[in-house]
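**Student:** Have a look at this prediction, sequence included:
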Amino acid sequence: QVQLMESGGGSVQAGGSLRLSCATSGVYSRYLMGWFRQALGKEREGIAAIRGDGRTKYADSVTGRFTVSVDAPDNTLYLEMNNLKPEDTAVYYCAADPKVYNPLDWTDFRYWGRGTQVTVSS
């Protein structure tokens, strides 16, 4: 049984940093894992993903500011977020799936955490 649980969200001022974690169980190294976010009234969007071989993919909106990584022994997923902006405010979700065609397409992922809120004030 696959389980995902996010932590690390909170409130921060613009320009600040946060590190999100996603604890997993039942996720194998061959799974692709990703981070998604959904702002109030907006569609869920993919922002960062990482394959089992370490290859990463980022949305243009976060490239250069966010870094996705995996702690291999226990497949804990991380998202390091720097230079945060008010438009980064959203609920952030981690997701995993062994078979993904588009790493930033949320519809490709079957397994999800419940989300953690990130609020960036100006």
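**Tutor:** Nice, I can see it. Residues are numbered from 1 along each chain as shown.
**Student:** C-alpha from now on. contacts and neighbour counts both.
**Tutor:** OK.
**Student:** In space, what's closest to the most centrally placed residue in the chain - neighbours in sequence excluded?
**Tutor:** By C-alpha atoms, centre = their mean, the mean C-alpha position of the chain lies nearest to residue 35, the distance being 1.9 Å. Closest residue to residue 35 apart from its sequence neighbours, by C-alpha to C-alpha, 6 or more residues apart in numbering: residue 94 at 4.6 Å.
**Student:** And for residue 65?
**Tutor:** Nearest residue to residue 65, sequence neighbours excluded (C-alpha to C-alpha, 6+ apart): residue 82, at 5.1 Å.
**Student:** Look up which helix or strand the residue nearest to residue 35 falls in, please.
**Tutor:** Using DSSP states H and E, residue 94 falls within strand 90-97.
**Student:** Check which helices and strands the next helix-or-strand element following that strand sits against.
**Tutor:** Using DSSP H and E, the helix or strand that directly follows strand 90-97 along the chain is strand 111-112. Packing partners of strand 111-112 (3 or more C-alpha pairs under 8 Å, 6 or more residues apart in numbering; DSSP states H and E): strand 3-7, strand 90-97.
**Student:** ok, back up a step: residue contacts, the residue nearest to the centre of the chain?
**Tutor:** By C-alpha atoms under 8 Å, 6 or more residues apart in numbering, the contact set of residue 35 is 46-49, 79, 92-95.
**Student:** about what we covered before: ok, which of the helices and strands packed on strand 111-112 comes nearest residue 109?
**Tutor:** Closest to residue 109 of these is strand 90-97 (C-alpha to C-alpha; 5.3 Å).
**Student:** got a list of what residue 3 touches?
**Tutor:** Going by C-alpha under 8 Å, 6+ apart, the list of residues near residue 3 reads 24-27, 111-113.
**Student:** what do you get if the cut-off is 6 Å, keeping everything else the same?
**Tutor:** By C-alpha atoms under 6 Å, 6 or more residues apart in numbering, the contact set of residue 3 is 24-25.
**Student:** Which secondary structure state is assigned to residue 73?
**Tutor:** helix (DSSP: H, G, I helix; E, B strand; the rest coil).
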